[in-house]
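Asks: One predicted model, sequence on top.
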Amino acid sequence: MSITKRMRAHIVRMLAEAGSGHPGGSLSATDIIATLYFGHMRVDPDNPRWEDRDRLVLCKGHAAPALYAALAIRGFFPEEELLTVRKLGSRLQGHPCMNTTPGVDMSTGSLGQGLSVANGMALAGRLDGRDYYVYAVMGDGELQEGQVWEAAMSAAHYGLDHVVAFVDHNGLQIDGANDDVMRVGPIADKFRAFGWNVIELADGHDLEALDDAVVRAKASVGRPTAIVCETVKGKGVSFMENEVDWHGVAPTREQAAAALADIEAL
Amino acid sequence: MNSATREAYGAALAELGRTNPDVVALDADLAGSTKSATFGAENPGRFFDMGIAEADMVGTAAGLATCGKVPFASSFAVFCTGRAFEQIRNSVCNPNLNVTVVGSHAGPSCGEDGSSHQAVEDIAIMRSLPNMCVVVPADDVEARLATIALAEHVGPAYLRVARLASPTVHDEDYEFDLLRGDLLRDGDDVTVVACGMMVPRALEAAERLEAEGVSAQVVNMHTIKPIDADLLEECARKTGKVVTIEEGTIVGGLGTAVAEALSERYPVPVRRIGMPDVFGTSGGGAELLDHFGLNASHIVEVAHELCQ
């Protein structure tokens, strides 16, 4: 089974076991996170705090199951542990916690705060003469938070070319479509206007395109890069795709079985 | 000596810049006022002006801290603790990161700019956050030592400094202990617990009380969290009466912290002097302190009431 299928299967099992959580945005971000952890990020599962590692800030912290699945498969902790997510005593909190989960570089969960943190990590890398990259994975609804644009300004002002920010543009948020709740577009134009190098991906689930985008992002000199990915919320599970109701509801046991069959058939 | 704690903070930060290569500073377009500009001039590569964007400043500081830097993020107390409260909560305190937030121009002594710029709530809201250490230095000597101590302290901290110059109460050889309150004057009848520039006023009140036959202890409680409950209990056992004074709201600040500690350790009457659940107003800084009763006369009056 491919890594992204394994990640998606883990996400479904984790959420079904937890009885709560966010399947839609975890599944839409899966391919982005897989591209990073299995294609680009310089990390060492035996030394999660390695100073020269590339870092990932999951700004959209509710996609924690996708991050946890990637970290487990990458070897930061046993895959069996994934089923403890959201339970008392687990190292896997409902939203990422850097002090309990090996491999988590920043605690997140409150939307809009991650890009600033990523910038700080990049500034530290520059000060120390380290060449690591910092990846930020943001949601689209998250772009409604003003702090994102403060951070967009800062990253450009300080020329943080080792910051690469993904926008998981699945078009949906809790209360409905972005366009109905609070229009955030045109996203790419906004980042361009703030002085960013911008790469637009028409299919944010195309692993080759994602891989190529990261290569191009890392070639940017003097400017941070935003990779704006058109994605499908709930990607890979037929009855969850593009359904806003699957933002923050866990599948039942029966629904999980159907979801796993969908993923198997991908 | 008559100097503002923000001046001493700025000088100490610059001193740290020369001795500790991990120290970095951030400001939100107020570096000239918070005095972080001196560090910035000496260490341009380690100083980040984030513009008028306190939330981003705090988040960036958090990111720097994850990589082993020792960030000091300064702005006016209203803006860095209020505007960026949730960033301090979720990006600094929740992950327990080593960031010191420095709020200057705190309290009505900020002066003419008026109520929008005079933090009264900062101690209360910073104190409410798990992992947060809250320090309000009494004078320039202590502000310098507190700044240096917070660079060594690992974890989130809030340092409150003032715009207005105030008298120095400590000698140059004063030994600052972040976790221990500072008993400045001993006495038998009443304990006055103060912080910030209320400390010299408390000492003045003790002098006057002495002349009027009341022997007052004065405690400089520079660290409001974690508070030195042992010292408070010791004082309460000795005098049996406590007056607190702070340059901020009495809701949730120093007085509340003292009352909380004593109610569990050794309950005695506690009277709180501070901003009585009101915002400030425009006026001269010193003038406003008198206007709001943040002075020795008020302490004397309340102490007499308690001692009757």
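Replies: Perfect, I can see it now. Residues are numbered from 1 along each chain as shown, chains lettered A, B, ... in the order given.
Asks: Which strand or helix spans residue B:264?
Replies: Using DSSP states H and E, residue B:264 maps to helix B:254-265.
Asks: taking the mean pLDDT, what do you get for the next helix or strand after that helix?
Replies: Next along the chain after helix B:254-265, taking DSSP H and E as the criterion, comes strand B:270-275. Mean pLDDT, strand B:270-275: 98.
Asks: Give me the angle between strand B:270-275 and helix B:254-265.
Replies: 160 degrees (axes from the mean of the first three to the mean of the last three Cα atoms, to 10 degrees).
Asks: Quick check: buried residues in the helix or strand just after strand B:270-275?
Replies: Scanning forward in sequence from strand B:270-275 by DSSP H and E, the next helix or strand is helix B:285-291. Neighbour counts over helix B:285-291 (16 or more other Cβ atoms under 10 Å in any protein chain shown) mark B:285-286, B:288-289 as buried. Using the backbone N, CA and C atoms, a C-beta is placed for each residue, glycine as well.
Asks: Point out the residues in chain A that sit beside chain B.
Replies: A:51, A:55, A:57, A:97-99, A:105-110, A:113-125, A:127-128, A:134, A:146-147, A:150-151, A:153-154, A:157-158 (Cβ under 8 Å from any Cβ of the partner chain).
Asks: go again using 7 Å as the cut-off
Replies: A:98-99, A:105-107, A:109-110, A:113, A:116-121, A:123-125, A:127, A:147, A:150-151, A:153-154 (Cβ under 7 Å from any Cβ of the partner chain).
Asks: For the residue of the stretch 51-200 of chain A found nearest chain B, which residues are in contact?
Replies: Minimum separation of the stretch 51-200 of chain A from chain B (Cβ to the nearest Cβ) falls at residue A:120, amounting to 2.2 Å. Applying Cβ atoms under 7 Å, 6 or more residues apart in numbering or on different chains to residue A:120 gives the contacts B:59-64.
Asks: Narrow those to those in helices?
Replies: Using DSSP state H, B:59-64 are the members of the contacts of residue A:120 that sit in helices.
Asks: possible to save those as a markdown table with pLDDT and neighbour count?
Replies: Listed next are the ones in helices among the contacts of residue A:120 as a markdown table, based on pLDDT from 0 to 100; neighbours: other Cβ atoms under 10 Å in any protein chain shown:
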| residue | pLDDT | neighbour count |
| --- | --- | --- |
| B:59 | 98 | 35 |
| B:60 | 98 | 35 |
| B:61 | 99 | 33 |
| B:62 | 98 | 31 |
| B:63 | 98 | 32 |
| B:64 | 98 | 30 |
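Asks: filter those by proximity to chain A?
Replies: Among the ones in helices among the contacts of residue A:120, chain A is touched by B:59-64 when using Cβ under 7 Å from any Cβ.
Asks: count of residues packed around the residue nearest to residue A:173 when sequence neighbours are not counted?
Replies: Leaving aside its sequence neighbours, residue A:173 sits nearest to residue A:141 (Cβ to Cβ, 6 or more residues apart in numbering or on different chains; 3.2 Å). For residue A:141, the count of nearby residues is 26 (other Cβ atoms under 10 Å in any protein chain shown).
Asks: before we move on, back to that, among the residues of chain A next to chain B, which ones are buried?
Replies: Those of the residues of chain A next to chain B that meet the buried threshold are A:98, A:105-107, A:109-110, A:113, A:116-121, A:123-125, A:127, A:147, A:150-151, A:153-154, by 16+ other Cβ under 10 Å.
Asks: any idea how far the residue in the stretch 1-150 of chain B that chain A sits nearest to lies from residue B:25?
Replies: Of all residues in the stretch 1-150 of chain B, residue B:63 sits closest to chain A, at 2.2 Å by Cβ to the nearest Cβ. As judged by Cβ to Cβ, to the nearest Å, residue B:63 and residue B:25 stand 15 Å apart.
Asks: can you list the residues of chain B near chain A?
Replies: Contacts of chain B with chain A, taken as Cβ under 7 Å from any Cβ, map to B:45-46, B:48, B:50-51, B:53, B:55-56, B:59-64, B:66-67, B:69, B:86-87, B:90-91, B:94-96.
Asks: from those residues, which ones fall inside helices?
Replies: B:55-56, B:59-64, B:66, B:86-87.
Asks: From those, pick the one nearest residue B:302.
Replies: Ranked by distance to residue B:302 (Cβ to Cβ), these are led by residue B:86 at 36.2 Å.
Asks: Just send the ones next to chain A among the ones in helices among the contacts of residue A:120 back as TSV, with distance to residue B:268 too.
Replies: Below are these laid out as TSV (distance: Cβ to Cβ, whole Å):
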residue	distance to residue B:268
B:59	43
B:60	45
B:61	40
B:62	41
B:63	46
B:64	44
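Asks: among these, which two are most distant?
Replies: Farthest pair in those, by Cβ to Cβ: B:59 and B:64, 9.9 Å.
Asks: outside of stretch A:61-80, which residues touch it?
Replies: With Cβ under 7 Å, 6+ apart as the test, stretch A:61-80 has contacts from A:3, A:6-7, A:10-11, A:14-15, A:21-22, A:25-26, A:29-30, A:33-34, A:37, A:45, A:48, A:58, A:81-82, A:85, A:92, A:94-96, A:102-103, A:108-109.
Asks: which residues in the stretch 101-250 of chain B form helices?
Replies: Secondary structure of the stretch 101-250 of chain B, counting by DSSP state H, counting those that start in this stretch: helices at B:122-127, B:140-152, B:198-211, B:229-239.
Asks: Any buried residues in the third one, and which?
Replies: So the one you mean is helix B:198-211. Across helix B:198-211, burial judged by 16+ other Cβ under 10 Å covers B:198-206, B:209.
Asks: And the strands in the stretch 101-250 of chain A, which stretches?
Replies: For the stretch 101-250 of chain A, strands defined by DSSP state E, counting those that start in this stretch occupy the ranges A:134-139, A:163-169, A:172-173, A:176-177, A:197-201, A:225-230.
Asks: and those strands as CSV, adding mean neighbour count?
Replies: Output for the strands of the stretch 101-250 of chain A, formatted as CSV (neighbours: other Cβ atoms under 10 Å in any protein chain shown):
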stretch, mean neighbour count
strand A:134-139, 29
strand A:163-169, 29
strand A:172-173, 26
strand A:176-177, 13
strand A:197-201, 20
strand A:225-230, 26
